[in-house]
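Enquirer: sequence-free structure coming up:
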């Protein structure tokens with residue numbers, strides 16, 4: 001079948017992708033990681049032994065060989081483990097962890113589809129969304145590692161998707177739900193600030209993220225966990241590690257390796273720089289052109305890559321949102337530079353993953369350089385979109401493939 005015929009029948013492409021997904025995921029589900037074996041699987045066993053209510057009422061104390069501590073993930077993840085624990089007659093605790101992780105990958109693909117439908121043709125959106133399941137960082141995060149960055153990143157992608165559609169209430173609710181699942185969702189906050197200010201979202205809608213967060217914590221509160229603990233669940237996580245970089249592909253990996261500054265100085269300096277960058281991207285861009293369509297997605301990609309690149313104390317997985325948004329931008333605006341950005345960020349993330357999973361130390365340093373190069377490209381094209389630079393002839397093309405009816 002020639003290329004034109006294949007493009008005319010996206011069902012073939014979709015079927016091919018799904019076959020590859022099943023084969024690749026099935027072959028990797030047995031991969032053992034310390035997170036799954038030392039923490040997540042024991043959490044599931046605790047839930048099975050003590051019951052869901054008792055496991056949600058207080059942080060679970062886990063003591064296994066190689067690890068000793070409390071379950072410090074936000075309650076929504078524990079809800080998913082509790083749900084998976086109902087399959088204890090058929091799956092091991094480790095298998096249930098991987099089940100949740102793969103379900104998160106499918107959820108993320110659905111969120112990417114919703115985002116792509118705002119900018120791309122239906123067939124393109126469907127096939128490309130399925131393609132996210134084959135992204136290297138998706139495969140390494142879910143079936144290999146057993147992690148669920150797919151869920152908070154998927155919810156953050158919905159923030160962008162609802163913004164593109166002008167659905168402000170849904171946008172704010174999605175943000176609150178994302179933050180309730182994982183604090184790293186705050187990376188998209190500058191984008192939210194830009195949208196709220198430039199679109200003049202009504203003040204009456206601004207409490208919605210808090211309501212969504214509270215709703216996500218409600219089952220744990222009903223189980224008996226104090227409301228104050230649920231409101232401050234991330235404070236304990238902030239002081240867990242005293243490292244400027246946890247294999248994150250950002251400049252702090254170099255600072256930490258060369259011991260250029262103390263931990264305290266690095267945290268203070270990095271946080272200050274990140275806040276300034278967040279304000280610049282979220283507020284200063286309002287002085288120029290109002291961003292629409294794929295240009296608004298470009299802003300989201302730039303923010304999602306900039307925040308973990310400047311922040312200290314980042315982990316290897318925290319560029320996952322940038323991974324999927326850069327991929328979505330390359331699908332909606334297929335240019336050489338968007339494809340280059342998606343590839344560079346993806347390779348940068350993979351470098352960080354292999355630093356942890358395969359103990360390939362150089363991966364995070366190579367990743368930092370690759371993502372730094374992607375950021376330079378993104379900032380240049382964001383300046384073009386804002387009218388701060390004069391566009392070259394190669395930059396003057398239709399903004400996106402298809403359009404969401406307004």
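Expert: Sure thing, it's come through. Computed from a predicted structure; not experimentally measured. Numbering: from 1, shown residues only.
Enquirer: the bottom helix or strand of the chain by mean pLDDT?
Expert: helix 3-8 (a mean of 48; mean pLDDT, DSSP states H and E).
Enquirer: so after it, what's the next helix or strand?
Expert: Under the assignment DSSP states H and E, the closest C-terminal helix or strand after helix 3-8 is helix 10-28.
Enquirer: Off-centre distance for that following helix?
Expert: Counting by C-alpha atoms, centre = their mean, to the nearest Å, helix 10-28 is centred 22 Å from the centre of its parent chain.
Enquirer: Could you pull out the strands in the stretch 251-400 of the chain for me?
Expert: Per DSSP state E, counting those that start in this stretch, the stretch 251-400 of the chain carries strands over the ranges 314-315.
Enquirer: And the helices in it?
Expert: Secondary structure of the stretch 251-400 of the chain (DSSP state H, counting those that start in this stretch): helices at 252-258, 263-282, 293-310, 320-332, 336-357, 362-386.
Enquirer: can you give me the angle the second one makes with helix 362-386?
Expert: If you take axes from the mean of the first three to the mean of the last three C-alpha atoms, to 10 degrees, helix 263-282 sits at 30 degrees to helix 362-386.
Enquirer: Identify each buried residue in helix 263-282, please.
Expert: Of the residues in helix 263-282, those scored as buried under the neighbour-count criterion (16 or more other C-beta atoms under 10 Å) are 266-267, 269-270, 274, 277-278, 281-282. (C-beta placed from N, C-alpha, C; glycine too.)
Enquirer: list the contacts for the residue nearest to residue 187 when sequence neighbours are not counted?
Expert: In space, residue 187 comes closest to residue 307 once its chain neighbours are excluded; the distance is 4.1 Å by C-beta to C-beta, 6 or more residues apart in numbering. Listed by C-beta atoms under 8 Å, 6 or more residues apart in numbering, the contact partners of residue 307 are 186-187, 190, 274, 277-278.
Enquirer: run the last query once more with 7 Å
Expert: Residue 307 sits next to 187, 274, 278 when contact means C-beta atoms under 7 Å, 6 or more residues apart in numbering.
Enquirer: Now pLDDT and distance to residue 300 too, for those, in JSON lines please.
Expert: Formatted as JSON lines, those follow (pLDDT from 0 to 100; distance: C-beta to C-beta, whole Å):
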{"residue": "187", "pLDDT": "96", "distance to residue 300": "10"}
{"residue": "274", "pLDDT": "94", "distance to residue 300": "17"}
{"residue": "278", "pLDDT": "92", "distance to residue 300": "13"}
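Enquirer: Which one of these is nearest to residue 180?
Expert: Nearest to residue 180 among those is residue 187, at 14.9 Å by C-beta to C-beta.
Enquirer: My guess is that closest one contacts residue 308. True?
Expert: Yes - with contact defined as C-beta atoms under 7 Å, residue 187 reaches residue 308; the gap is 6.3 Å.
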